[in-house]
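Chemist: Can you look at this prediction? I've put the sequence above it.
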Amino acid sequence: MLTVTLQHALPGFGLDVQFEAPPGVTVLFGRSGTGKTTVIQAVAGLLRPDQGRVALEGEVLCDTSRSQWLPPHKRRMGYVFQEGRLFPHLTVRQNLLFGQWFAPRDAKRESLDRVVELLGIGPLLQRRPGHLSGGEKQRVAIGRALLSAPRMILADEPLSALDEARKAEILPYFERLRDEIGIPMLYVSHSAAEVARLATTVVVLQDGKVQRQGTAAEVLGDSAVMPAGVRAAGALLQARVARHHSDGLTELDAGGVPLFLPQIAKAPGSVVRIRISAHEVILSRQRPEGLSALNILPGTVEHIRSGAGPGAMVSLTTPAGRVLARITRRSARALGLEPGAECHAVVKTVSIAPEDVGSGG
Amino acid sequence: MMLSLRVSVWATLAALPLAVFTAYALARWQFPGKQIVNSLVHLPLILPPVVTGYLLLMLFGTKGPVGGALQQIGIVFAFRWTGAALAAAIMAFPLMVRAIRLSVEAVDPKLEQAAATLGASRLMCFATITLPMILPGLIAGAVLGFAKAMGEFGATITFVSSIPGQTQTLPSAIYTFLQVPGGETAALRLTLVSIAIALTALLLSELLARRAADRAGGR
């Protein structure tokens, strides 16, 4: 468990946060310029906060009120930077092994072979960073952090310098870190998709303050918290893979409701989390018939939140979990939607993109 | 002319560690009096060499405040080859610091941060990251310093004079030969030696620097 209390003056605003990161992946979620990087740098010891206290598993890393300060090289935090920061004069192999020289002998550590296998970087070992693509660099950076026998991984927007295809390539490796290595992680992101895939706990930062803290499903399903903007809104559902169909579809069981999506590479019985984008959801008062969409979730309107524009965000409770739907205020009026109203959420199969499907709970 | 080589090599080797430290401090650290240190380092470059030599004589001469103290423990600079090396080192120092400082500034401090998060203390960061990456600049600085030390004349002749076999370096020997009739042949011979040494040093450093740059550049 990591506990953080920080106050720090930044240009234009003051950072004042307090949160806890339990085991699993804690995502610091917020728009750019809300102080996320400052927080993670203070945890790593790369920045001295004006005031604050950081403790990991009861060990104090920094406490300004008692002038306690552990320098970064003694904190054993594996940091994955936005732009890799591999050492250009060393080979990939030497980069990977760099941290092992300094790790305590009795520290629990991963073997080079396992990390190389996990990240698929075997063919790169003899190369130098100058000859790697952006995605390869980031995989090596993850491996380098992991091999320093860290107590925790800190990742500062590790995907933001990559294009969409590379992002989709790297995200599963962070899932494997969470599920296979089981190392606690603090992950900074402004992307709702990354939160949906990785987070066990979400801490939403806005203007230097913690706006909300909770599980990924709670925070992403809350229409009052939209740090990435309404266009990126979308609730998170948990489901179990039921079976794969011969026509290229995978059937999921989400709280008793069947959900169909384009085939995913997960064995029947495994648990997945899927993000349903709010603007891909259609609402209907009657159970629709003669409709091409395959997924129909019956539910009840919980509340409707209208913004300044023509849109409204409807939250529904369904047997599968909470679903958000972004519709126009005009439609909401025409359908007579109000809290307690029965309603069906319609989701097209093809609107669930592969990058919206992650593993685990 | 082995004396001249010995003086220059010692001057370069002795000044190099201090030059690296000074260059690193000027490039990376903020400290009070940084401008004063910077000016002091550059002073020998600006002052007439004869003035530097005279200052050295006042400080390190057997009656000077530093030289007198050192004489108590058996170290004498004035009118010895060690004095020639000291003068050469001081004249070469600013050139070395300038070259090395530039290459330290070219190393991204973010890499040092990354090394720190991987458990490397400041000293280890320097030894494993900064030093290998500034190696090309360091070699260039050393060669520049060596060349300056080989050619040093003004400060040397003022501080330690030109005693044959003791403090007579290559430039002062050439100068002495030219002062006597019939010395031109000897002077020409020394000139050729001088050119040979300079060319060898230049080629060698070019080779080393290129190899180091390849490594530092990640190829």
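Modeler: Received it, and whenever you're ready, just let me know what you need.

Chemist: Using the three-state scheme, assign residue A:297.
Modeler: What DSSP: H, G, I helix; E, B strand; the rest coil gives for residue A:297 is strand.

Chemist: try residue A:323
Modeler: Here residue A:323 is strand, with the state taken from three-state DSSP.

Chemist: what's the neighbour count on it?
Modeler: By other CB atoms under 10 Å in any protein chain shown, the residues close to residue A:323 number 25. The way it works is simple: take the backbone N, C-alpha and C, and place the C-beta from them, glycine included.

Chemist: Local confidence estimate at the nearest residue to residue A:347 once chain neighbours are set aside?
Modeler: Spatial nearest neighbour of residue A:347, excluding adjacent residues (CB to CB, 6 or more residues apart in numbering or on different chains): residue A:295 at 4.2 Å. What the model reports for residue A:295 is a pLDDT of 91.

Chemist: For residue A:295, grab the count of nearby residues.
Modeler: Neighbour count of residue A:295, defined by other CB under 10 Å: 21.

Chemist: isn't it right next to residue A:346, touching?
Modeler: Yes: Residue A:295 is within contact range of residue A:346, at 6.9 Å (criterion: CB atoms under 8 Å).

Chemist: Just list the residues touching the residue lying closest to residue A:307 once chain neighbours are set aside, thanks.
Modeler: Spatial nearest neighbour of residue A:307, excluding adjacent residues (CB to CB, 6+ apart): residue A:230 at 7.0 Å. Contacts here follow CB atoms under 8 Å, 6 or more residues apart in numbering or on different chains; on that basis residue A:230 touches A:278, A:307, A:311, A:313, A:326.

Chemist: May I ask which two of those residues are separated the most?
Modeler: Farthest apart among the contacts of residue A:230 by CB to CB are A:278 and A:307. That separation is 12.4 Å.

Chemist: where do the contact lists of those two overlap?
Modeler: Counting by CB under 8 Å, 6+ apart, the residues touching both residue A:278 and residue A:307 are A:230, A:313.

Chemist: Only the buried members of the contacts of residue A:230: can you turn that into a PyMOL selection?
Modeler: Selection command for PyMOL covering only the buried members of the contacts of residue A:230, criterion 16 or more other CB atoms under 10 Å in any protein chain shown:
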select buried, chain A and resi 278+311+313+326
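
Chemist: for the contacts of residue A:230, which one is nearest chain B?
Modeler: Distance to chain B across those (CB to the nearest CB) is lowest for residue A:278, with 37.6 Å.

Chemist: lowest confidence element among the helices and strands of the chain?
Modeler: Going with chain A. When each helix and strand of chain A is scored by mean pLDDT, DSSP states H and E, strand A:357-359 comes last, with a mean of 82.

Chemist: was after chain B, sorry
Modeler: Lowest by mean pLDDT, DSSP H and E among the helices and strands of chain B is helix B:65-72, with a mean of 77.

Chemist: what's the distance between that one and the middle of its chain?
Modeler: Put simply, helix B:65-72 sits 23 Å off its chain's centre (CA atoms, centre = their mean, to the nearest Å).

Chemist: any idea how far the residue nearest to residue A:347 lies from residue A:284?
Modeler: Separation of residue A:295 from residue A:284 (CB to CB, to the nearest Å) stands at 12 Å.

Chemist: Need the overlap of contacts for these two.
Modeler: residue A:346.

Chemist: just to revisit the earlier point, adjacent strands (with direction) for the least confident helix or strand of chain A?
Modeler: Within its sheet, strand A:357-359 is paired with strand A:271-277 (antiparallel), according to DSSP bridges.

Chemist: Touching the strand it pairs with from outside, list them.
Modeler: With contact meaning CB under 8 Å, 6+ apart, strand A:271-277 is reached by A:192-193, A:196-197, A:216-217, A:220, A:233-241, A:252, A:259, A:261, A:264, A:266, A:323-324, A:347, A:351-352, A:356-361.

Chemist: which stretches of the stretch 101-250 of chain A form strands?
Modeler: Assigned by DSSP state E, counting those that start in this stretch, the strands in the stretch 101-250 of chain A fall at A:152-156, A:185-189, A:201-206, A:209-215, A:234-244, A:249-254.

Chemist: buried stuff in the first one?
Modeler: Think strand A:152-156. Applying a neighbour-count criterion of 16+ other CB under 10 Å, the buried positions in strand A:152-156 are A:152, A:153, A:154, A:155, A:156.

Chemist: Make CSV out of these and add pLDDT.
Modeler: Formatted as CSV, the buried residues of strand A:152-156 follow (pLDDT from 0 to 100):
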residue, pLDDT
A:152, 94
A:153, 94
A:154, 95
A:155, 94
A:156, 94
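
Chemist: hmm, back to that, please report how far the residue nearest to residue A:347 lies from residue A:274.
Modeler: Here residue A:295 is placed at a distance of 10 Å from residue A:274 (CB to CB).

Chemist: Need the residues touching each of those two.
Modeler: What both residue A:295 and residue A:274 touch, as defined by CB under 8 Å, 6+ apart, is the set residue A:259.

Chemist: tell me which residues in the longest helix anywhere in chain B are buried?
Modeler: Of all the elements of type helix in chain B, the one with the most residues (DSSP state H) is helix B:184-216. For helix B:184-216, the buried set under the neighbour-count rule, 16+ other CB under 10 Å, comprises B:187, B:190, B:193-194, B:197, B:201, B:205, B:208-209, B:212-213, B:215-216.
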